[in-house]
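Novice: I would like to see how this sequence folds:
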Amino acid sequence: MIILFLNNFINKKIMRMFCFNNVKKISIFFIFLFQFLFLYNQSIAQSDTIETNVPPLKDVFVNDFSIGCLLSYRHIGFSTDEIVPGQSPVVSQNGGNLIKYHMNCMSPGNNMKPQYTLDINSSAAAYKSATTQEAKDSIDVHPIVKFPPDLIAQLNWAKRQNFGFRGHTLVWHSQTPVEFFRSGYTSTGQRLSKEKMIQRMDNYIKEIIRLIHESWPNLLIAMDVVNEAINDNTGTDRTTDSEWYITFGDNSYIMKAFEITRKYTIQYGETQMKLYYNDYNTHNPNKADGIVRICKPIYQAGLLDGIGMQEHDDISYPTAEAWIASYNKFDSVCKEMSVTELDVTTGSANPSSQLLNTQANQYAMLFKCFVERSYKSGRGKIINVSKDGLNDQYTFKTNQSSSLWTSLNKCKPAFYAVVDVGIYFNKLDSLINYAKKLEEKDYTRSSWSLFQSVLSNSINIKQKNYSSSVSASSSLKDAYENLLNAINNLTKATNNIKNNIELSEYSLSQNYPNPFNPSTKIEYSIPKSTNISLKVYNTLGEEVAVIFNGFRVAGKYTVNFDGSNLPSGVYYYRLITDDYNITRKFVLLK
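Specialist: This next block holds a predicted model:
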């Protein structure tokens, strides 16, 4: 509406002023126009509308890992959501838009912790009202479990958005009612025996898995079964501050929790739910050793799938070396790893630009560690990276400017650094792999010598560890661009012409034959060396085949597509580059 008004206003003013040829009026008009645009831009900057002219993080890291967040429903709810009786009011009107745009999975903040899912009052009332000892004994090992309204609303929201969901958490020394470990569910009751506590744990976990399965089947991709069972610095078991340890008399409650959770995920058909041990300060060497100590027998028993690293990090710690050292320790005792609550604090509510740049470097260093060990790429075991909270306002580290987004959902320097790491690490990796296949005999000595020097430097930059004072994002970007130029400047030895084909535009030809059974040929051309993807999709937009995904030098190409594994039907093949995409339709007719 504002833009329409401004357009009509400008047209009328200009026509009137030029008719009278009034230079003074023209000057006044443009002063007014610039002031208006400045105020309009200021109003946009001061709103919490999200920026959609930036790459979604879930797309940047689509071939590496899923991108998630740990927060509560009140931060992401939409006005169109079905109301769950008793839910909290939404506090961030655009929070859901930010998360939906950038992410594809989430974890609850507090609402799945035992303090919120165990209905201690109802359990105590049922025990007290039981008229026989047999009934009391049964109730004493069958706690009443209910999901709070905010958790129900968040699970519903995740289901509607086709998000994956990480459960957090079942067994924890904190935020678990003391009454849960006492007979009759009262703080004055006698502490349960280990045997009775196992029965109570069994029925508690069973109810959690049952409730998930009945209303949100196959939604959960992971569950933090046990959280924070190891002390900082020493790597010893939590003892005196853990009701679980005190009641069991040792740390066997950890193994038992995994046994029970595995049993019920199998019973209810929720085997897609990976079972995790989760902790903070995992980069601490002694703590990492302690985590390995408790997780190794659980992993060997086939009960533990993953290790969660919370990563509430400082602006200059952990170092890349410290993070990698812990990753390498965990590598032997799990199938996958997730970063579950990532933030990097600046320590200031109003950080300087220099401090924000330092934060950006630290985020970039961490994401470089993550992406070069990503699960989907086959380079490692990092399968998910989840940010803590929504933005600088709604987060665990309040008033410390710890997020990728300001309190108004605007992208910070750290966001752009993370994006560049995701884009240019993978581009550089693909380009290096291509460059290694080139042969010296095909090129002149001088151009090959320069190329080899640039290639060697690019490999070093890709393998290097970075820090809060050295930017991984700009280093990777520069290395990619330098190597690409070196490849394009290679000169053929035979006729002293450059190793590129002079083409004026991109093209993607119609396949032949069409319809086809089961194979067909596709021709395409690219005017410059670049990363490309050529993929096949069904009519629902689902990817069904990858013909090529990687780096190509400029030239014309012919590829053969075999549809033997696909049913008859209409399909689409799409060519995508950094600055071009085109789609064509073909028919598989068997």
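Novice: so what's the residue nearest to residue 160 when sequence neighbours are not counted up against?
Specialist: The shortest distance from residue 160 to any non-neighbouring residue, by Cβ to Cβ, 6 or more residues apart in numbering, is to residue 81 (8.0 Å). (Glycine included, C-beta is placed from N, CA and C.) Residue 81 makes contact with 153, 156, 157, 160, according to Cβ atoms under 8 Å, 6 or more residues apart in numbering.
Novice: to what extent is the last one buried, counted in neighbours?
Specialist: Read it as residue 160. Counted with other Cβ atoms under 10 Å, residues neighbouring residue 160 total 13.
Novice: hang on, residue 561 in a helix?
Specialist: No: read with DSSP: H, G, I helix; E, B strand; the rest coil, residue 561 is strand and lies in no helix.
Novice: hmm, it is touching residue 513, no?
Specialist: No: the pair residue 561 / residue 513 is not scored as a contact, 11.5 Å apart, by Cβ atoms under 8 Å.
Novice: which residues of the stretch 351-500 of the chain fall in strands?
Specialist: Here the stretch 351-500 of the chain has its strands, by DSSP state E, counting those that start in this stretch, at 382-388.
Novice: all the helices of it, residue numbers only.
Specialist: Listed in chain order, the helices of the stretch 351-500 of the chain (DSSP state H, counting those that start in this stretch) span 353-371, 413-435, 445-463, 472-488.
Novice: how far does the shortest one sit from its chain's centre?
Specialist: Mean C-alpha position of helix 472-488 versus that of the full chain (Cα atoms, centre = their mean, to the nearest Å) differs by 26 Å.
Novice: so residue 561 and residue 513 - more neighbours on which side?
Specialist: residue 561 (20 against 12).
Novice: rewinding a little: common neighbours of residue 561 and residue 513, please.
Specialist: Both residue 561 and residue 513 are contacted by residue 520, under the criterion Cβ under 8 Å, 6+ apart.
Novice: if we can go back for a sec, who wins for neighbours among the contacts of residue 81?
Specialist: In terms of neighbours by other Cβ under 10 Å, the contacts of residue 81 top out with residue 153 at 25 neighbours.
Novice: surely residue 522 and residue 558 touch.
Specialist: Yes: if you go by Cβ under 8 Å, residue 522 and residue 558 touch, sitting 7.2 Å apart.
Novice: same drill for the two, tell me which one is more crowded.
Specialist: Taking neighbours as other Cβ under 10 Å, residue 522 and residue 558 compare with residue 522 leading, 23 against 10.
Novice: so that one, which of the three states?
Specialist: strand.
Novice: what's near enough to touch it?
Specialist: 508, 509, 511, 534, 547, 558, 559, 560, 561, 573.
Novice: what's the spacing between it and residue 508?
Specialist: Computed as Cβ to Cβ, to the nearest Å, the residue 522 to residue 508 distance reads 8 Å.
Novice: residue 183: neighbour count?
Specialist: Quick note: residue 183 (other Cβ under 10 Å) scores 18 neighbours.
Novice: could you do the one 5 residues further on as well?
Specialist: The local packing count at residue 188 equals 8, with neighbours defined by other Cβ under 10 Å.
Novice: wait, it sits on residue 182?
Specialist: Yes: using Cβ under 8 Å, residue 188 makes contact with residue 182 at a distance of 7.4 Å.
Novice: on that earlier part again, which residues are common contacts for residue 522 and residue 508?
Specialist: Counting by Cβ under 8 Å, 6+ apart, the common neighbours of residue 522 and residue 508 are residue 573.
Novice: quick revisit: checking the residue nearest to residue 160 next. Helix, strand or coil?
Specialist: Three-state call for residue 81 (three-state DSSP): coil.
Novice: look up the pLDDT of it for me, please.
Specialist: Per-residue pLDDT puts residue 81 at 95.
Novice: one step back: pull the most distant pair out of the contacts of residue 522.
Specialist: 508 and 560 (15.2 Å; Cβ to Cβ).
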